[in-house]
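Colleague: no sequence on this one, just coordinates:
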Ligand code: PBG
């Protein structure tokens, strides 16, 4: 048969220009959010052993310089994580006016004003001696995280972050009702325009381990399975996201991103009208980094392929420790 095959998909892959013309997905530095760890009581940036290439910054000129460099690469969105020196049972350093995050937000907004968007992770794990994402109560020999007591603290932390000037509050505790509690607190205090980006479908994942070293936030006992989602579930993500939307979330999130592409796709298809964030988490970062440092993988191609996959699955924005590198690579020829 002379005319066989009639349909030849390969024609669209003939050369790079044709491939670029018909590519369905592209990433831009405007899709990227850079996480930054800020630590109290250090004078120079500090390395994080399990996350080569990522540093903890003191809230001073070195932080400003890092944000300036990122800005010149094209990065405009930053999510801040605090590493406080003082921890107690009720996370009081998380809502202290002069806490590490409040100080850092003020510094960044005074310096960069509306040129950047500052997002603040809202949780208690870095600020509590027990390392849990809420208030811990005990009965006999066991403990539990008290949901409704925790909501009061989360609302307080969110308000103090908004007062410091945070543009977007990002509750990551997975407490039931946390988005509603925060929305109410912010609205009552006149912060109707402060956004909420909720970690809606956040899984109990081992891929957060390097982060817990970075932020000193490993639970002192137990685990997070009574509040973070079970990796075996995806339909449950629809319920979690629906509740957050009902409670007033502006942006929803699936986390981790790379390991949960199916959940990203499911959530995007279920709620197409809501901006969806995905968090390429610390362990996912460190796996690529480790392979790259061993010479087993081309870091640039791997990161661009994975980030494109997260976008292709349905994420509108991506939180990634690779934001600066990606922004630089985007100025060069893409590997596809
Ligand atoms: C909670 C929080 C965590 C991460 C973001 N927010 C840690 C956790 O739930 O244990 C993890 C991010 C990452 O692994 O990169 N404050």
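Modeller: Good, I have the coordinates. Keep in mind that this is a model prediction, so the values were computed, not measured.
Colleague: neighbours around residue 185, how many?
Modeller: Neighbour count for residue 185, taken as other CB atoms under 10 Å: 20. Just so you know, the C-beta spots here come from the backbone N, C-alpha and C atoms, and that holds for glycine as well.
Colleague: Surely it and residue 160 touch.
Modeller: No: using CB atoms under 8 Å, residue 185 is not in contact with residue 160, being 10.1 Å away.
Colleague: How about the residues of the stretch 151-300 of the chain by the ligand?
Modeller: Taking CB under 6 Å from any ligand atom, the part of the stretch 151-300 of the chain that reaches the ligand is made up of 172, 208, 211-212, 217, 281-282.
Colleague: which residues touch residue 42?
Modeller: Applying CB atoms under 8 Å, 6 or more residues apart in numbering, one finds that residue 42 lies in contact with 56, 58.
Colleague: how about a cut-off of 10 Å?
Modeller: 56-60, 62, 83, 85 (CB atoms under 10 Å, 6 or more residues apart in numbering).
Colleague: now do residue 81
Modeller: By CB under 10 Å, 6+ apart, the contact set of residue 81 is 35-39, 56, 100-101, 104, 120-121, 123, 126, 172, 211, 214-215, 217.
Colleague: Test for you: state the pLDDT assigned to it.
Modeller: Per-residue pLDDT puts residue 81 at 98.
Colleague: what are the bridge partners for it, then?
Modeller: residue 37 (DSSP bridges).
Colleague: Tell me where the model's unsure across this structure.
Modeller: Within the chain, the stretches with pLDDT under 70 are 1-2.
Colleague: switch to 80 and redo it
Modeller: Within the chain, the set of residues satisfying pLDDT under 80 comprises 1-3.
Colleague: can you point me to the longest helix in this structure?
Modeller: The helix that spans the most residues within the chain, counting by DSSP state H, is helix 147-164.
Colleague: Remind me what it packs against, helices and strands.
Modeller: Judged by 3 or more CB pairs under 10 Å, 6 or more residues apart in numbering; DSSP states H and E, helix 147-164 is in contact with helix 100-112, strand 117-122, strand 135-139, strand 168-171, helix 178-188.
Colleague: chain center to it: distance?
Modeller: Helix 147-164 sits 19 Å away from the centroid of its parent chain (CA atoms, centre = their mean, to the nearest Å).
Colleague: Please identify the buried residues of it?
Modeller: Using 16 or more other CB atoms under 10 Å as the test for burial, helix 147-164 gives 147, 150-151, 153-164.
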